[in-house]
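In: here is a sequence together with a model predicted from it:
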Amino acid sequence: DMAEPIQQLTRNNNPQERQTIPFTLIQRKEKLGDLLYEERQYGKAKWACIKMKEKQYEQSICLGFMKLMRYICEQNSSGLYLGITIPIVTIVHTNESQSAMTQAVTVAYYLPEVLQEEPPHPFDSDIIIEEWPSTIVYSR
């Protein structure tokens, strides 16, 4: 089922073709010279998002990512490969008291700059296009 998206990604796997999402670095956390994470602020932008709730957290992330890859690799109203932006963001959801993680995760893909005004519509109804306000992201 994923053969075509993987082939498309492989054909377009030039690092210079990956668009890094513009951000402002808030802080870097290092330990003994190794980067642990960065706290970044991304500006207001449109993202393709999918919320998944599988039995295992890792399954939710993998299935969400694969659905987004199909959207990126031509299963959209433009019929075109949209290009990769990095990073792909995973949002972990917590219960109402914020005392525990839930099984639900949101996997999100930043739409490239050229698509921000009019993003292609996904064929998969589970994927929604959202405009996020300025957002803090922790990246490793």
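Out: Perfect, thanks for sending it. Here the structure is a predicted model, which means the values were calculated and not measured.
In: what is the subsequent helix or strand relative to the helix or strand of the chain with the lowest mean pLDDT?
Out: None of the helices or strands of the chain scores lower by mean pLDDT, DSSP states H and E than helix 3-11, at a mean of 52. Counting by DSSP states H and E, the element after helix 3-11 in chain order, helix or strand, is strand 19-20.
In: name the residues that touch that following strand?
Out: Outside strand 19-20, the residues that touch it by Cβ atoms under 8 Å, 6 or more residues apart in numbering are 83-86, 112-113. C-beta here means a position set from N, CA and C on the backbone, and glycine is covered the same way.
In: now which of the residues you listed would you call buried?
Out: Neighbour counting by 16 or more other Cβ atoms under 10 Å classes 84-85 among the contacts of strand 19-20 as buried.
In: may I see the buried residues of stretch 107-126?
Out: By 16+ other Cβ under 10 Å, the buried positions in stretch 107-126 come out as 107-111, 115, 119-120, 122.
In: and of the residues you listed, the nearest to Leu25?
Out: Set against Leu25, the nearest of the buried residues of stretch 107-126 by Cβ to Cβ is Tyr110 (16.6 Å).
In: and stretch 31-50, how far out from the chain's middle?
Out: Put simply, stretch 31-50 sits 11 Å off its chain's centre (Cα atoms, centre = their mean, to the nearest Å).
In: I meant to write stretch 59-74 there.
Out: On the basis of Cα atoms, centre = their mean, stretch 59-74 sits 9 Å off its chain's mean C-alpha point.
In: try stretch 70-80
Out: That offset, for stretch 70-80, works out to 15 Å (Cα atoms, centre = their mean).
In: and that stretch, what's its mean pLDDT?
Out: Stretch 70-80 shows a mean pLDDT of 93.
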